[in-house]
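Enquirer: Sequence below, structure please.
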Amino acid sequence: MRRSSADMGCRRLQQCVSAAFLLLFCLSLVSSLVFHVSEGEQRCFIEKIPEKNKLIGDLWTQLFDEQTGEYLPAPQDLSVSVIATDPHHQLVLTRQEGSNGTFSFTSSESGEHRVCLQPSSSQRPLSAGLVLVVGMDLRSADRTDDHTQILRLNGLTKLQLRVQQLTDQVQQIQKELGHLKELEKDFRHINHSTNMWIFWWPVLRSIYVVVYVISFTSAW
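Expert: Next up, the predicted model:
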């Protein structure tokens with residue numbers, strides 16, 4: 001009975017670990033941002049994505065009435081400028097969206113990509129007490145190849161097409177896992193730096209106290 005209970009405990013632990021990993025994996029693929037912004041103000045965000053990965057962003061805007069605490073529809077003339085650059089600050093996307101819209105771009109290499117949003121209106125400024133709220137959902141998309149067209153152009157059988165689809169999915173998963181490894185590496189580096197600072201801070205403080213005491217006694 002004890003062994004059976006131990007086995008059940010191990011299985012539950014494995015299930016919890018698997019669920020936690022799956023949750024972290026899903027969170028790494030989707031990120032949501034909601035922020036208040038002034039009209040004409042530009043807000044930029046950094047998104048680290050793997051190579052040859054398609055990033056899709058969904059935009060929406062609202063007005064928040066600070067007096068009533070209610071959310072109102074955004075003005076019809078409101079537009080949001082979207083600018084994206086690669087790790088070398090080269091422009092990869094620039095477009096104008098309405099109060100709601102979707103944008104996308106494909107990364108040519110892995111690294112930190114910068115996405116900037118700037119709302120603007122062609123009419124009068126917002127009334128007092130109204131705050132512009134902008135929301136953005138970023139997600140990583142799978143390959144969007146038209147497999148029916150591939151089947152027609154290349155003369156593949158349905159089985160061969162299915163194999164091609166599975167191969168594409170495996171490659172996408174490998175890219176995402178590589179991205180997660182890069183994030184884990186960055187986290188370990190930050191954790192190591194933090195631990196070193198925690199270790200050396202008391203030592204440096206003690207040295208400072210000793211030097212201060214010596215200089216103080218020497219003055220006497």
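Enquirer: Now do the helices in the chain.
Expert: 2-29, 147-154, 158-219 (DSSP state H).
Enquirer: Select from the ones you listed the stretch with the lowest mean pLDDT.
Expert: Lowest mean pLDDT of the helices of the chain: helix 2-29, a mean of 46.
Enquirer: now I56: how far from F103?
Expert: Distance from I56 to F103, counting by CB to CB, to the nearest Å: 8 Å. Just so you know, the C-beta spots here come from the backbone N, C-alpha and C atoms, and that holds for glycine as well.
Enquirer: who has more neighbours, the two?
Expert: Between I56 and F103, F103 has the larger neighbour count (other CB atoms under 10 Å), namely 21 against 15.
Enquirer: okay, now the domains of this protein?
Expert: Using automatic domain parsing, the domain ranges for the chain come out as 30-141, 145-220.
Enquirer: looking at the ones you listed, which is buried most?
Expert: Between those, domain 30-141 has the highest mean count of neighbours, a mean of 15, where neighbours are mean count of other CB atoms under 10 Å.
Enquirer: what pLDDT, on average, does that domain get?
Expert: 85.
Enquirer: what's the spacing between that domain and its chain's center?
Expert: 13 Å (CA atoms, centre = their mean, to the nearest Å).
Enquirer: again, but for stretch 128-144
Expert: Counting by CA atoms, centre = their mean, stretch 128-144 comes out at 12 Å from the chain centroid.
Enquirer: go on, stretch 188-200?
Expert: Using CA atoms, centre = their mean, the offset of stretch 188-200 from its chain centre is 24 Å.
Enquirer: Pull it out as PDB, backbone CA atoms only.
Expert: Output of stretch 188-200 as PDB, limited to C-alpha atoms (Å, rounded to 0.1, in the frame of the first residue of the first chain):
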ATOM      1  CA  ARG A 188      19.400  31.900 -15.100                       C
ATOM      2  CA  HIS A 189      21.800  34.800 -15.900                       C
ATOM      3  CA  ILE A 190      19.600  37.300 -14.100                       C
ATOM      4  CA  ASN A 191      19.200  34.800 -11.200                       C
ATOM      5  CA  HIS A 192      23.000  34.300 -11.000                       C
ATOM      6  CA  SER A 193      23.600  38.100 -11.000                       C
ATOM      7  CA  THR A 194      21.000  38.600  -8.300                       C
ATOM      8  CA  ASN A 195      22.600  35.900  -6.100                       C
ATOM      9  CA  MET A 196      26.000  37.300  -6.600                       C
ATOM     10  CA  TRP A 197      24.800  40.800  -5.600                       C
ATOM     11  CA  ILE A 198      23.100  39.300  -2.500                       C
ATOM     12  CA  PHE A 199      26.300  37.500  -1.600                       C
ATOM     13  CA  TRP A 200      28.700  40.500  -2.100                       C
END
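Enquirer: what residues does it touch?
Expert: Counting contacts by CB atoms under 8 Å, 6 or more residues apart in numbering, no residue outside stretch 188-200 touches it.
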